[in-house]
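K.L.:
Pasting a predicted model and its sequence here:
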Amino acid sequence: MGIWAVPNTAKKAERLKMLLTKNMSRAHAEAEMYLLLGSDNLFDDFKETVRGEDIRPIIARRLKEILDMPESSFSAQWEPEARSICESIIADYGLQTDIQPDKPIIFVSWSVEDILELLEGNEGDLDMTVEEIHDALIYAARHGYHSGPDSILDSIRDAHRVLTGQETGTGEALFR
């Protein structure tokens with residue numbers, strides 16, 4: 001895995017956070033990430049995306065992998081403020097940054113792609129758009145829905161019902 005750029009300064013981390021406030025095309029993401037979050041794995045992930053796909057969760061997942069690396073892995077030190085900003089980016093996408101052994105992990109490894117793969121051949125089991133699955137995963141992670149492979153679909157359905165107001169009578173907007 002080759003990494004040539006990380007957002008280890010507050011200025012770079014703020015730039016990354018600002019860029020992730022809006023969806024961007026793959027070409028725009030590749031151009032912007034080259035000097036902010038340069039990673040072979042990230043750029044390989046970009047190649048797997050389809051036109052119009054929201055790539056921000058992909059960036060957040062790769063950022064988390066980089067942040068989880070030992071400090072000694074980097075040639076330049078991380079500014080504490082940069083690390084904090086990056087952790088907030090990761091948290092915005094429902095990924096835990098502070099995993100504690102005595103607490104269950106909340107969807108750290110589940111992505112929309114994982115869910116679609118799990119559903120392969122049984123797409124009717126989850127009558128939701130890709131964006132709705134994404135929003136439900138984030139909502140579930142933020143609100144403590146704990147799931148493994150056996151109950152992930154139920155948790156997504158529950159979160160979707162809350163988001164669409166089917167459960168409480170009012171919907172919640174995540175990124176609006």
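P.N.:
Yes, it's here.
K.L.:
Every contact and neighbour count from this point should use C-alpha atoms.
P.N.:
Will do.
K.L.:
From the structure, what's the count of residues near Glu132?
P.N.:
Residues near Glu132, counting by other CA atoms under 10 Å, number 18.
K.L.:
Contacts only, for Asn8.
P.N.:
By CA atoms under 8 Å, 6 or more residues apart in numbering, the contact list for Asn8 reads 76-79, 82-83.
K.L.:
Let's see the pLDDT reported for the residue most central in space within the chain.
P.N.:
Geometric centre of the chain, nearest residue: Pro57, 3.3 Å, by CA atoms, centre = their mean. pLDDT for Pro57: 85.
K.L.:
ok, for it, nearest residue in space, not its chain neighbours?
P.N.:
Tyr93 (6.2 Å; CA to CA, 6 or more residues apart in numbering).
K.L.:
how near is Glu117 to Arg157?
P.N.:
16 Å (CA to CA, to the nearest Å).
K.L.:
Between those two, which has more neighbouring residues?
P.N.:
Per other CA under 10 Å, whichever of Glu117 and Arg157 has more neighbours is Arg157, with 20 against 12.
K.L.:
element containing the more buried one?
P.N.:
Assigned by DSSP states H and E, Arg157 belongs to helix 152-163.
K.L.:
Kindly report the same for Ile85.
P.N.:
If you go by DSSP H and E, Ile85 is part of helix 80-92.
K.L.:
ok, now Asp135?
P.N.:
Going by DSSP H and E, Asp135 is in helix 130-142.
K.L.:
thought the residue nearest to the centre of the chain was touching Asp92?
P.N.:
No. With contact defined as CA atoms under 8 Å, Pro57 and Asp92 do not form a contacting pair (9.2 Å).
K.L.:
what residues go with each domain of the protein?
P.N.:
Per automatic domain parsing, the structural domains of the chain span 10-92, 99-176.
K.L.:
Now the terminal residues of the longest one, how far apart.
P.N.:
Taking CA to CA, the first and last residues of domain 10-92 lie 18 Å apart.
K.L.:
how about low-confidence regions in the protein?
P.N.:
1, 94-111, 114, 118, 121-125, 139-151, 167-176 (pLDDT under 70).
K.L.:
Please, where are all the helices along it?
P.N.:
10-19, 26-36, 40-47, 56-67, 80-92, 112-119, 130-142, 152-163 (DSSP state H).
K.L.:
what number of residues lie near Arg72?
P.N.:
Heads up, residue 72 is Ser, not Arg. Around Ser72 there are 8 residues (other CA under 10 Å).
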